[in-house]
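**Student:** Based on what follows, work out the 3D shape:
(one chain, ligands or ions: 1)
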Amino acid sequence: MYRLIYKSRANQRIDWKLVNDLIAGSEESNREAGITGVLLATETHFLQVLEGGFDDVNELFMHIARDPRHEKIQLIAFDCVESRLFGGWAMHGVGIFNFNRKLIDDLIDHYGEEEGSVRFPVEDWKVLALISDLRMG
Ligand SMILES: Cc1cc2nc3c(=O)[nH]c(=O)nc-3n(C[C@H](O)[C@H](O)[C@H](O)COP(=O)(O)O)c2cc1C
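**Tutor:** Modelled structure (predicted):
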């Protein structure tokens, strides 16, 4: 089982419709490939976790990396892991721009600011901490 994490900058302002379109377009093929994960989005950046077999995750990432809807793709981790974090989700979308301002400000205090919202970390352990914070929030 492998887990890949990357961060990217969107080429347009991200809204809930865009996140939903990406999720809707991903669910079936992710399910077929046994891929699970989460797609976090601020209004400017994506952070995605992909979990599955080595070849499936590799192939999907190369595909996603060529998608013209984003750029500046930064690979954060591609590790062999014991188990999935997102076993229940073909792809779970989380729009941080939908959170209340207080929660966004708390996250900015912890993780820093980038273009008016939370700065997605580029260290894998910080990404996992952020994901765990979001689940508790
Ligand atoms: C931020 C982002 C995340 C994406 N995540 C997935 C995903 O998890 N699964 C997937 O099949 N496509 C995902 N896509 C879409 C793919 O890049 C691609 O558009 C889709 O697989 C359809 O490809 P096709 O038109 O060549 O069949 C994502 C795109 C972006 C911009």
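
**Student:** How about the residue nearest to the spatial centre of the chain: what's its closest non-neighbour residue?
**Tutor:** Nearest to the mean C-alpha position of the chain, counting by C-alpha atoms, centre = their mean, stands residue 48 at 2.1 Å. Counting by C-beta to C-beta, 6 or more residues apart in numbering, residue 48 lies nearest to residue 39, which is 4.9 Å off, once chain neighbours are set aside. Placement of C-beta: from N, CA and C, glycine included.

**Student:** And residue 136, what's its pLDDT?
**Tutor:** Predicted confidence (pLDDT) at residue 136: the value is 49.

**Student:** helices and strands around the longest helix seen in the chain, which ones?
**Tutor:** The longest helix of the chain (DSSP state H) is helix 16-33. Secondary-structure packing of helix 16-33 (3 or more C-beta pairs under 8 Å, 6 or more residues apart in numbering; DSSP states H and E): strand 36-41, helix 54-65, strand 92-95.

**Student:** Within range of the ligand, give me the residues from the protein.
**Tutor:** Near the ligand, the residues belonging to the chain are 22, 25-26, 29-30, 39, 46, 48, 60, 63-64, 67, 69-70, 91 when assessed by C-beta under 6 Å from any ligand atom.

**Student:** In three-state terms, how would the nearest residue in space to residue 31 that is not next to it in sequence be classified?
**Tutor:** Using C-beta to C-beta, 6+ apart and skipping residues adjacent in sequence, the residue nearest residue 31 is residue 90, 4.6 Å away. Using DSSP: H, G, I helix; E, B strand; the rest coil, the structure places residue 90 in coil.
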